[in-house]
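>>> missing the sequence, but the structure's below:
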């Protein structure tokens with residue numbers, strides 16, 4: 001019988017020794033089995049490695065990636081086993097399909113990544129990982145939560161109806177007698193005490209057979225997520241297994257370009273209370289800051305920065321200052337916890353910008369009638385640009401909050417009394433005055449994109465604004481920022497290669 005091992009492959013939410021973090025809920029894996037390698041000689045990254053085993057099971061908790069498998073019957077595996085038992089090597093995960101962000105401490109936060117394998121090295125990036133040999137009678141041969149097989153499974157149209165009973169009958173007909181194999185692939189959960197050959201052992205179906213192909217059904221995913229959130233009496237699944245299920249479902253939600261309910265509920269709950277006055281005051285941002293949404297529902301950031309040229313206009317048209325102090329944008333009011341009525345404008349999504357030739361009144365009506373208000377904000381100016389600060393509107397749909405998080409803000413300025421005045425701030429795919437957000441996309445060992453969207457949250461400390469007009473030093477600072485982003489991209493590439 002093959003030698004068996006168990007391991008903690010990685011820690012989530014915990015920095016590595018060189019300042020990298022795997023975001024909880026963002027890590028998935030390729031279909032199992034996956035290779036377990038051993039770096040026989042020291043080289044850059046994981047170079048010089050040989051395959052010594054198989055990763056056969058992977059499970060996720062809120063803070064760890066656990067795995068188990070077997071060693072191969074090869075000479076190198078015997079050498080690796082000696083080192084494992086001596087405690088002098090540990091696992092380092094090999095990731096692909098990486099997306100990352102930079103946090104306020106300039107650390108790389110991997111928001112999405114897929115485990116493609118693991119390599120045993122002398123000095124793992126995470127100090128609190130481990131691998132040990134396991135006795136045959138203590139080896140966990142199956143995991144309660146199916147964590148693999150979902151990333152490559154096709155997804156049906158979101159409008160497709162879901163009938164759990166009918167789907168399970170179709171899955172049974174398709175699988176035939178292969179209950180523990182083909183039939184089980186459609187289910188998120190398995191009762192560890194159940195008979196693998198009995199259909200009742202499996203629960204939380206989230207797939208159906210469509211034209212002979214097992215396919216994820218979005219409405220089944222939503223139903224499973226709702227059950228984990230307490231819908232229809234909730235679930236009797238142990239809390240540790242529920243965390244793993246949420247991790248899997250979270251990955252599917254991201255494939256659907258949606259936010260899981262357990263991630264967005266806190267925003268809606270926070271927004272239901274009256275916000276403090278401080279939320280609508282100058283946030284004293286340390287630098288150009290894209291729109292940021294805190295877990296408490298607070299919203300802040302810049303909608304345009306001084307000295308930035310409009311991407312869609314000839315020459316270099318820069319954002320105008322407001323002679324009226326944004327009176328034409330701040331046409332609403334929001335009551336604070338202190339009982340103060342603060343003038344506010346709206347951050348809207350949907351419907352696109354108003355026609356360029358429309359007047360002020362017609363353009364403002366367009367956003368009132370077509371756009372969905374997601375946030376209520378005050379507006380002002382600092383040394384970096386035009387800032388907004390406020391809150392998520394109570395009762396706004398989770399999908400709308402997610403859309404605001406995904407989309408940069410574009411201002412709409414109209415000529416009023418001889419001056420250009422901001423009348424609206426609308427979420428778009430490509431803003432006129434982009435505020436850089438460093439993000440790198442990797443796939444198949446190639447850096448695909450370095451784009452200006454999806455930024456890390458930057459919660460800045462107090463900085464006294466010096467001027468509303470950019471100085472040569474400000475322009476130089478922006479140039480340095482671009483160079484810093486390029487350096488971050490190179491660092492992320494080093495992460496991808498395991499260095």
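Arrived safely, thanks for sending. Please read these numbers as outputs of a predicted model, since none were measured by experiment.
>>> ok, residue 277 - contacts?
If a contact means C-beta atoms under 8 Å, 6 or more residues apart in numbering, then residue 277 has 336, 337, 338, 340, 342 as its contacts. C-beta: built from backbone N, CA, C; applies to glycine.
>>> quick check: closest non-adjacent residue to it.
For residue 277, the nearest residue in space outside its immediate sequence neighbours is residue 336; the separation is 4.4 Å by C-beta to C-beta, 6 or more residues apart in numbering.
>>> re earlier: who wins for neighbours among the contacts of residue 277?
Among the contacts of residue 277, the one with the most neighbours (other C-beta atoms under 10 Å) is residue 342, at 20 neighbours.
>>> that one contacts residue 378, correct?
Yes: with contact defined as C-beta atoms under 8 Å, residue 342 and residue 378 form a contacting pair (6.0 Å).
>>> give the residues shared as contacts by those two.
For the pair residue 342 and residue 378, residues contacting each of them under the criterion C-beta under 8 Å, 6+ apart are residue 280.
>>> circling back: do you know how far the residue nearest to residue 277 is from residue 344?
Distance, residue 336 to residue 344, by C-beta to C-beta, to the nearest Å: 10 Å.
>>> what do those two both touch?
The contact sets of residue 336 and residue 344 overlap at residue 280 (C-beta under 8 Å, 6+ apart).
>>> tell me who's in contact with residue 147.
28, 29, 58, 59, 60, 244, 247, 248.
>>> what residue ranges in the stretch 101-250 of the chain score low on pLDDT?
Along the stretch 101-250 of the chain, the model assigns pLDDT under 70 to residues 134-143, 230-235, 240.
>>> can you give me the helices for it?
Listed in chain order, the helices found in the stretch 101-250 of the chain under DSSP state H, counting those that start in this stretch are 164-175, 218-228, 239-255.
>>> nearest to residue 95 among those would be which one?
When the helices of the stretch 101-250 of the chain are compared by C-beta to C-beta, helix 239-255 sits nearest residue 95, at 13.7 Å.
>>> just the buried residues of that closest one, please?
By neighbour count on 16 or more other C-beta atoms under 10 Å, the buried set for helix 239-255 is 241-255.
>>> ok, now stretch 102-116?
102, 103, 107, 108, 109, 110, 111, 112, 113, 114, 115.
>>> can you name the residues that contact the fifth one?
Counting by C-beta under 8 Å, 6+ apart, residue 109 makes contact with 20, 21, 23, 100, 101, 102, 103, 456.
>>> same thing but at 7 Å, please
The neighbours of residue 109, taking C-beta atoms under 7 Å, 6 or more residues apart in numbering as the test, are 21, 23, 100, 101, 103, 456.
>>> let me see the backbone angles for the first one.
Dihedral angles of residue 21 (phi, psi; degrees, to the nearest 10) stand at phi -130, psi 130.
>>> that one contacts residue 105, doesn't it?
No: with contacts counted by C-beta atoms under 7 Å, residue 21 stays clear of residue 105, the gap being 9.7 Å.
>>> show me the chain divided up by domain.
4-141, 164-258, 275-437 (automatic domain parsing).
>>> in TSV: those, plus distance to residue 150.
Output for the domains of the chain, formatted as TSV (distance: least, C-beta to C-beta, whole Å):
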stretch	distance to residue 150
domain 4-141	7
domain 164-258	6
domain 275-437	20
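>>> pick the one among the contacts of residue 147 closest to residue 94.
When those are compared for distance to residue 94 (C-beta to C-beta), residue 29 wins out at 10.5 Å.
>>> residues near residue 323, how many?
Residue 323 is flanked by 13 other residues according to other C-beta under 10 Å.
>>> who touches the residue positioned nearest the centre of the chain in this structure?
Central residue check for the chain by C-alpha atoms, centre = their mean: the C-alpha nearest the mean position is that of residue 111, 4.8 Å away. Residues in contact with residue 111 (C-beta under 7 Å, 6+ apart) are 23, 26, 99, 100, 101.
>>> among those, the buried ones, what's the ChimeraX command?
One line in ChimeraX is enough to select the buried members of the contacts of residue 111, burial here meaning 16+ other C-beta under 10 Å:
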select :23,26,99,100,101
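>>> now, the contacts of residue 111 that are in strands?
Taking DSSP state E, the ones among those that sit in strands are 99, 100, 101.
>>> mind listing the residues bridging to the second one?
Put plainly, it is residue 100. Beta-bridge partners for residue 100, by DSSP bridges, are residue 110, residue 440.
>>> low-confidence ranges, the stretch 251-400 of the chain, go.
Where the stretch 251-400 of the chain drops to pLDDT under 70, the residues are 263-272, 308-317, 351-371.
>>> if we use 50, what do you get?
For the stretch 251-400 of the chain, applying pLDDT under 50 flags the ranges 267, 269-271, 311-315, 370.
>>> all strands of it, in order?
Per DSSP state E, counting those that start in this stretch, the stretch 251-400 of the chain carries strands over the ranges 292-293, 298-305, 332-335, 341-349, 372-381, 385-392.
>>> among these, which comes closest to residue 214?
Across the strands of the stretch 251-400 of the chain (criterion: C-beta to C-beta), the nearest stretch is strand 341-349, sitting at 34.7 Å.
>>> quick one: list the elements packing against that closest one.
Other elements packing on strand 341-349 under the criterion 3 or more C-beta pairs under 7 Å, 6 or more residues apart in numbering; DSSP states H and E are strand 332-335, strand 372-381, helix 398-406, strand 419-427.
>>> phi, psi for residue 283 please.
Recorded main-chain torsions at residue 283 are phi -80, psi 0, according to degrees, to the nearest 10.
>>> and it, how far from residue 302?
10 Å.
>>> what touches both of those two?
With contacts defined as C-beta under 7 Å, 6+ apart, the residues adjacent to both residue 283 and residue 302 are residue 387.
>>> what's the neighbour count on the residue nearest to residue 55 when sequence neighbours are not counted?
Nearest residue to residue 55 in three dimensions, chain neighbours excluded: residue 34, at 4.2 Å (C-beta to C-beta, 6+ apart). When neighbours are counted by other C-beta under 10 Å, residue 34 registers 22.
>>> on that earlier part again, right, and the strands of the stretch 251-400 of the chain - which one's nearest residue 93?
If you check each of the strands of the stretch 251-400 of the chain against residue 93 by C-beta to C-beta, strand 292-293 wins as the nearest, at 29.1 Å.
>>> output the contacting helices and strands for that closest one.
Packing partners of strand 292-293 (3+ C-beta pairs under 7 Å, 6+ apart): strand 298-305, helix 398-406.
>>> which pLDDT value goes with residue 449?
The score at residue 449 is 24. That number is its pLDDT.
>>> quick one on the thing from earlier: tell me which of the helices and strands packed on strand 341-349 approaches residue 288 most closely.
Ranking the helices and strands packed on strand 341-349 by distance to residue 288, with C-beta to C-beta as the measure, places strand 372-381 first at 12.9 Å.
>>> what residues does the closest one touch?
With C-beta under 7 Å, 6+ apart as the test, strand 372-381 has contacts from 280, 282, 299, 321, 326, 329-330, 332, 334, 342-350, 386-393, 396, 400-401, 404, 422, 468.
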